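**Student:** Have a look; sequence and predicted model below, questions after that.
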Amino acid sequence: MTTRDDRSRAMIWLALPGAVALVALGVVVGRAQVRPAVLNPAQEVAPSPGATDDRRIAVLEQELRRLRAEVAAGAEERARSEGELAGAPRDVEQETELDPGEQERAAAAGRLEYLDGLSQRVETEPRDARFRAETEPALLRLLPEHLGPDVQLNDVVCAASVCRVTVSHPGSARLSEERLTNFMLGRGALGEMSVQLDVREDGETTFYFLRGDG
């Protein structure tokens, strides 16, 4: 809802009580005009004008009831809207007060979901023969060269925008930071590709190499 809509609605609800008062005044004045004609027996009142006044008063009373109902409905809607708006900051506040452990678990879950998405891309994307011919030989040469002779390449697959390489290192649960740094600094032509690591399995690391335009 726009600010102009909010302002218009606010003006309508502010105007309704005044309208109710005017209608109520009309009812009172209408009754005051009719009563003297009834109470003064010396004055002759034509049936038609009296019936017209009664109908007018009935219409005013009906309009008064309608406006009162609209005012009540408007008050209820405003209260509900204010309650919803007041509740929004509390929701934001609750989100900012998440337990650090929960934040860490949520971040880890998001990371695994992202890596699973990369693996799915490798399986479902069409193959790019040229990209594969340029990239796979470099992977097969540079990874063993910089990670060490005890690291085995188990799987090398390149799709259109991403390559997946799984290496095993049974001598250690994780590749050392030194080995990873040596590879990142000496990866040559692969330097234009971003690298993501999946280390959820002990003794195994999965590399994802993403093309610059992928």
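**Tutor:** Thanks, I have the structure now.
**Student:** Run through who's touching the helix or strand Phe131 falls within.
**Tutor:** Here Phe131, judged by DSSP states H and E, is contained in helix 129-147. The contact list for helix 129-147, computed with Cβ atoms under 8 Å, 6 or more residues apart in numbering, reads 151, 153, 156, 158, 160, 163, 165, 167, 169, 175, 179-180, 182-183, 186-190, 193, 207, 209, 211. For every residue, glycine as well, the C-beta is placed using N, CA and C.
**Student:** what's the next secondary structure element after that helix?
**Tutor:** That would be, after helix 129-147 and using DSSP H and E, strand 152-158.
**Student:** tell me which residues in that next one are buried?
**Tutor:** Residues 156, 158 are the ones in strand 152-158 that count as buried (16 or more other Cβ atoms under 10 Å).
**Student:** Which other helices and strands does it contact?
**Tutor:** On a contact count with 3 or more Cβ pairs under 8 Å, 6 or more residues apart in numbering; DSSP states H and E, strand 152-158 meets helix 129-147, strand 162-168.
**Student:** so of these, which one's packed in deepest?
**Tutor:** When the helices and strands packed on strand 152-158 are scored by mean count of other Cβ atoms under 10 Å, the highest mean neighbour count falls to strand 162-168 (a mean of 20).
**Student:** and the angle from the helix or strand immediately after that one in the chain to helix 129-147?
**Tutor:** For strand 162-168, the following helix or strand on the C-terminal side (DSSP H and E) is helix 177-185. Here the directions of helix 177-185 and helix 129-147 differ by 140 degrees (axes from the mean of the first three to the mean of the last three Cα atoms, to 10 degrees).
**Student:** what comes up buried for helix 177-185?
**Tutor:** So helix 177-185, judged by 16+ other Cβ under 10 Å, has buried residues 179-180, 183.
**Student:** And the average pLDDT for stretch 109-116 is what?
**Tutor:** What stretch 109-116 shows for mean pLDDT is 93.
**Student:** now stretch 137-153
**Tutor:** 93.
**Student:** CA atoms of it as PDB?
**Tutor:** Provided in PDB are the C-alpha atoms of stretch 137-153 (Å, rounded to 0.1, in the frame of the first residue of the first chain):
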ATOM      1  CA  PRO A 137      44.800 -31.800 -19.000                       C
ATOM      2  CA  ALA A 138      45.800 -28.800 -16.800                       C
ATOM      3  CA  LEU A 139      43.900 -30.300 -13.900                       C
ATOM      4  CA  LEU A 140      45.500 -33.700 -14.300                       C
ATOM      5  CA  ARG A 141      48.900 -32.100 -14.400                       C
ATOM      6  CA  LEU A 142      48.700 -29.300 -11.800                       C
ATOM      7  CA  LEU A 143      46.900 -31.000  -9.000                       C
ATOM      8  CA  PRO A 144      49.300 -33.900  -8.400                       C
ATOM      9  CA  GLU A 145      52.200 -31.500  -9.000                       C
ATOM     10  CA  HIS A 146      51.300 -29.100  -6.200                       C
ATOM     11  CA  LEU A 147      49.300 -31.300  -3.800                       C
ATOM     12  CA  GLY A 148      52.000 -34.000  -3.600                       C
ATOM     13  CA  PRO A 149      52.600 -37.500  -4.900                       C
ATOM     14  CA  ASP A 150      50.600 -39.200  -2.200                       C
ATOM     15  CA  VAL A 151      47.400 -37.500  -3.400                       C
ATOM     16  CA  GLN A 152      45.300 -39.500  -5.900                       C
ATOM     17  CA  LEU A 153      42.900 -38.100  -8.500                       C
END
